[in-house]
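>>> model this:
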Amino acid sequence: MTTRPKSSRLLHVLAVAPLLMIGADIASVDGSRARALSLPFSTALNLAPLVAVAIYTGAGLLLRTRVGFVAWFAAFVLAVGVAFVPRLVVARSTQAVPVTRWLTQEEKTTMQARFPHPFVYYSSSSEGTRLLIRRSDYSASLVDFLRSIHAYPDA
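Sure, this is the predicted structure:
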């Protein structure tokens, strides 16, 4: 029986570390948005990095006898895809509504009374400030309300 060279063990550590770091970052941000919006599978989304590492290890071990070192690359690509599942769930289940400013507490209270849906603020330099709501809760009357308080950008 041959022993595995130390360089390949280091390679696996270098592959697992980004899976955990990137996956944990994605899972924490998108997982918290999913929980705040009560999206499906929101409680399981935080486990995505651990599932990604398990898939990397399991798929690599199962495929290594058939395709050799390429198995670890294929397992890594598959695991990265699993790490991005929280982002996919949030993107497919939500609608972003642009706003020109943060709503005041009074405006948020009025909006919650008229539209009893959960929402999350988020800001991106390329997109600006947005309200994130579930796709099923999106309506034209919400946009009309935001226009009435001068919080919706006029195009």
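>>> residues near residue 91, how many?
The burial count assigned to residue 91 is 11, neighbours taken as other CB atoms under 10 Å. Where you see a C-beta, it was placed from the backbone N, CA and C, and this is true even at glycine.
>>> what lines up beside the strand ranked longest in the chain in the sheet?
Longest strand in the chain by number of residues (criterion: DSSP state E): strand 128-134. The pairing partners recorded for strand 128-134 under DSSP bridges are strand 94-98 (antiparallel), strand 120-124 (antiparallel).
>>> show me the contacts for residue 138.
95, 97 (CB atoms under 8 Å, 6 or more residues apart in numbering).
>>> any idea how far it is from residue 97?
Here the distance between residue 138 and residue 97 works out to 7 Å (CB to CB, to the nearest Å).
>>> Also residue 105?
19 Å.
>>> neighbour count winner among these two?
residue 97 (17 against 7).
>>> Could I get the contacting residues of that one?
By CB under 8 Å, 6+ apart, the residues touching residue 97 are 130, 131, 132, 133, 138, 142, 143, 146, 152.
>>> do that again at 10 Å, thanks
Contacts for residue 97 (CB atoms under 10 Å, 6 or more residues apart in numbering) come out as 119, 129, 130, 131, 132, 133, 138, 142, 143, 146, 151, 152.
>>> sec struct for the last one, please.
In this case it means residue 152. For residue 152, the assignment made with DSSP: H, G, I helix; E, B strand; the rest coil gives coil.
>>> can you tell me which helix or strand the nearest residue to it once chain neighbours are set aside belongs to?
Computed as CB to CB, 6 or more residues apart in numbering, the closest residue to residue 152 that is not its neighbour in sequence is residue 146, at 3.8 Å. Assessed by DSSP states H and E, residue 146 sits inside helix 140-148.
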